[in-house]
Structures are given as C-alpha cells and as structure tokens.
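[1] From the sequence below, what's the structure:
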Amino acid sequence: VQLQASGGGLVQAGGSLRLSCAASGSGFRIYDMGWYSQAPGKQREVVATIDRNGITHYEDFVQGRFTIWRDIGKNTVYLQMASLKPEDTGVYYCNAIAVRFGRSYEHNIWGQGTLVTVSS
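    Numbering: from 1, shown residues only. Prediction:
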C-alpha cells in the first residue's frame, strides 16, 4: 500500500486549504487513517484521525477548525483546514493502518508529506 498526499501550499492566516491522501495497492484493507503534522524543529504529532466507521478524533489545537473525512470506496482521506494560523505551518503527513486480506498484521503506512505554510 502506498499513500499519495496532495493539497498543501501557501496561504494567509485565516485562510483555508484542503488536503487529500489516496491509498493505492491491492490485497489490503485500510482501517484507521489520519493526518499528522511536523512543524520545523519539532516532532511529528497527530492532528486528526478517522476509523472505518467514520468516528473521528481531533487534537485540541485544531478542534472546530479542521475537518477530517474519508471515502472508503476510494481509500482516500481528506483534511479541510480552515481559520489557519501561522502555528499550523508544517509538513502534513497522512497515515493509514492496512491489513492484508486473510492476515492480522497491521502495517503502519506513511505518505510522503505535503508542506503547508501559513503566513501572518
């Protein structure tokens, strides 16, 4: 399974961006998907996650500003980011938990990252 993220860019504070991440590959079922961010000089941290039932989790610093959803059929997860702040700047990585059909081992898959820059 491979993840391809897109949608990053430069935006002014208060603006919006939508990130997308599509999983490709056969023979796997995708379970939890999520978005993580890594600000310059800091560790990667979770932003939002969603499971196959659509249950979402948001970190406090994005609650009410970001929305995560997924298209199960397309194996794609989205992150709508609104009211962006300069501190949201960073590389955003998508993540997926994938299990090969007939197996139980959970593969932790990461996308390549997409840069989001919020100017003040």
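
[2] how close does the residue nearest to the spatial centre of the chain get to S26?
    Centroid check for the chain by Cα atoms, centre = their mean gives W35 as the closest residue, at 2.4 Å. Taking Cβ to Cβ, to the nearest Å as the measure, W35 falls 24 Å from S26. (Glycine included, C-beta is placed from N, CA and C.)

[3] Okay, buried residues for the helix or strand that the residue nearest to the centre of the chain is a member of please.
    Secondary structure from DSSP states H and E places W35 in strand 28-38. For strand 28-38, the neighbour count (16 or more other Cβ atoms under 10 Å) marks 28, 30, 32-37 as buried.

[4] can you tell me the average pLDDT over the helix or strand just after that strand?
    For strand 28-38, the following helix or strand on the C-terminal side (DSSP H and E) is strand 45-50. Mean pLDDT, computed over strand 45-50, is 98.

[5] In terms of secondary structure, what does strand 45-50 contact?
    Packing partners of strand 45-50 (3 or more Cβ pairs under 8 Å, 6 or more residues apart in numbering; DSSP states H and E): strand 28-38, strand 56-58, strand 66-71, strand 76-81.

[6] In CSV: those, plus distance to V118 and mean pLDDT.
    Output for the helices and strands packed on strand 45-50, formatted as CSV (distance: least, Cβ to Cβ, whole Å; pLDDT from 0 to 100):
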stretch, distance to V118, mean pLDDT
strand 28-38, 11, 96
strand 56-58, 18, 98
strand 66-71, 13, 97
strand 76-81, 9, 98
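
[7] can you list the residues that contact the helix or strand containing V118?
    Element membership for V118 (DSSP H and E) is strand 114-119. Applying Cβ atoms under 8 Å, 6 or more residues apart in numbering, the contact partners of strand 114-119 are 5-13, 15, 17, 19, 37, 81, 84-92.

[8] Perfect, that will be all.
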